[in-house]
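In: Structure, please.
(chains A, B, C and D)
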Amino acid sequence: MQIDILTFGIARDICGGSRIRVDVPDDTTAEALKQHLAEQFPRLSGLASFLLAVNEEFAADNSLIRPGDEVAIIPPVSGG
Amino acid sequence: MQIDILTFGIARDICGGSRIRVDVPDDTTAEALKQHLAEQFPRLSGLASFLLAVNEEFAADNSLIRPGDEVAIIPPVSGG
Amino acid sequence: MNLFLKLSDTPLDIQSCIREVESPSCGGIDVFIGTVRDATQGKRVLRLEFEAYESMALKEMRRIAEEAFERWPVQSFSMHHRTGVLTVGEVAVIIAVSAAHRAAAFDACRFAIDTLKQSVPIWKKEVFEDGEVWVAAHP
Amino acid sequence: MNLFLKLSDTPLDIQSCIREVESPSCGGIDVFIGTVRDATQGKRVLRLEFEAYESMALKEMRRIAEEAFERWPVQSFSMHHRTGVLTVGEVAVIIAVSAAHRAAAFDACRFAIDTLKQSVPIWKKEVFEDGEVWVAAHP
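Out: Got it, this is the predicted structure:
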């Protein structure tokens, strides 16, 4: 399935766009998607942290990504 | 010697005026003056605390009161 | 040491107290605002009357500020206290503390209000519908 | 539960954030104001650029407020965060918390800014004379 992924902050710089599309097997977990992204964009692994949000919630590693989910890469936050 | 004493808050109510005059021996200590005041105004002893300030500083019990000192009765404070 | 102290019998201005501590080299400001509550221990409060031993109160306020500067890397400190008659909702005290980093601002501001309540010669009388009481006077 | 949240790309107003939490039944308000510092680790900062994942940021801000209400007897809670380009001295975040007694206001306000910095998806880029860096991005 194809997943559109939002990127922010340094993740947008690394991925080269505020929205990227990746192609992953159905029933991909958040952890597997992170591995996929880290292979495609190795600099993500150099960040202090690199999380995924699914539908505006931080995603546990074992949560499944479904078509139509809103997925985002969350690099280390620095608000305030 | 005669000492003028400023009173505030409930101490003013107890002493019946914002400035009272007491007559004490020379070389009176803060502690002795407090005893004198407590005898003259027994309700001062019923307060949660009852301190003296001399020249705008909290006075130690053994500090001497001198003529011309600015003396004040400090009942429990409750600012803020 | 940027230190601002004020005792005033007219309404306090939060914005101007904060403005006193703002600075390009500070990253955090903590502000405490004490206001007149409409009830105490279930009794309706009509108004508060604050009285200060003004010269000594300002000395003690300065002592608190100086101790805050000694203990924490604070940049600016402002403490405004109201006197006179205050109705419900009015501001009795404002303390604003700025620092490069927020921990110092929080710690110093909280220390300042806690210590003010213990050592600054200011007294408040609570006025109820059926009487009045000097706060904390009796055990 | 009086809860006010705001993300804004225009300047924040301290007074209006505080006004949101004022109430006759509160005795204390603690306010934290985060401002843009002119230097970080000795380097002069020209400006900050804040970016938010807005919908999720508001969700996380709400989660923080709700946890504050659960953990402390807080009366009202307001959190405003700025986005976009900020110059030195500008306000990036304001958190105001009111409570009947001051301890809850201090504790909840400090919890809120500490947690915001850990969990709310907002990012800032520091722009220096000779480059720029996403804050906290790298170990």
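In: so is the nearest residue to residue C:113 once chain neighbours are set aside in a helix, a strand, or just coil?
Out: Leaving aside its sequence neighbours, residue C:113 sits nearest to residue C:32 (C-beta to C-beta, 6 or more residues apart in numbering or on different chains; 5.0 Å). C-beta: built from backbone N, CA, C; applies to glycine. For residue C:32, the assignment made with DSSP: H, G, I helix; E, B strand; the rest coil gives strand.
In: Run through the residues that contact residue C:32.
Out: C:93-95, C:109-110, C:112-113, D:28-31, D:102, D:105-106 (C-beta atoms under 8 Å, 6 or more residues apart in numbering or on different chains).
In: Quick one: those as a markdown table, columns for secondary structure, pLDDT and neighbour count too.
Out: Below are these laid out as a markdown table (DSSP: H, G, I helix; E, B strand; the rest coil; pLDDT from 0 to 100; neighbours: other C-beta atoms under 10 Å in any protein chain shown):
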| residue | secondary structure | pLDDT | neighbour count |
| --- | --- | --- | --- |
| C:93 | strand | 98 | 24 |
| C:94 | strand | 98 | 27 |
| C:95 | strand | 99 | 29 |
| C:109 | helix | 98 | 28 |
| C:110 | helix | 98 | 21 |
| C:112 | helix | 98 | 27 |
| C:113 | helix | 98 | 23 |
| D:28 | strand | 98 | 24 |
| D:29 | strand | 98 | 27 |
| D:30 | strand | 98 | 30 |
| D:31 | strand | 98 | 26 |
| D:102 | helix | 97 | 22 |
| D:105 | helix | 98 | 32 |
| D:106 | helix | 98 | 23 |
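In: Report the contact partners of residue C:117.
Out: B:77, B:78, B:79, B:80.
In: Now for the third one, which secondary structure element holds it?
Out: This points to residue B:79. Secondary-structure assignment from DSSP states H and E places residue B:79 in no helical or strand segment.
In: Okay, the closest residue to residue C:59 other than its chain neighbours and residue B:68: tell me how far apart.
Out: With C-beta to C-beta, 6+ apart as the criterion, residue C:59 has its nearest non-adjacent residue at 5.4 Å, and that residue is residue B:56. Distance of residue B:56 to residue B:68, given as C-beta to C-beta, to the nearest Å: 14 Å.
In: re the thing from before, out of the contacts of residue C:117, who's nearest residue B:24?
Out: Nearest to residue B:24 among the contacts of residue C:117: residue B:77, at 25.0 Å, using C-beta to C-beta.
In: residue contacts, the closest one?
Out: Residue B:77 makes contact with C:117, C:118, C:119, C:120, C:121, C:122, C:123, C:136, according to C-beta under 8 Å, 6+ apart.
In: how about the helices of the chain, start to end?
Out: No chain was given, so I picked chain A. A:9-15, A:30-40 (DSSP state H).
In: Oops, wrong one, chain C.
Out: According to DSSP H, the helices that chain C contains are C:14-21, C:54-71, C:102-119.
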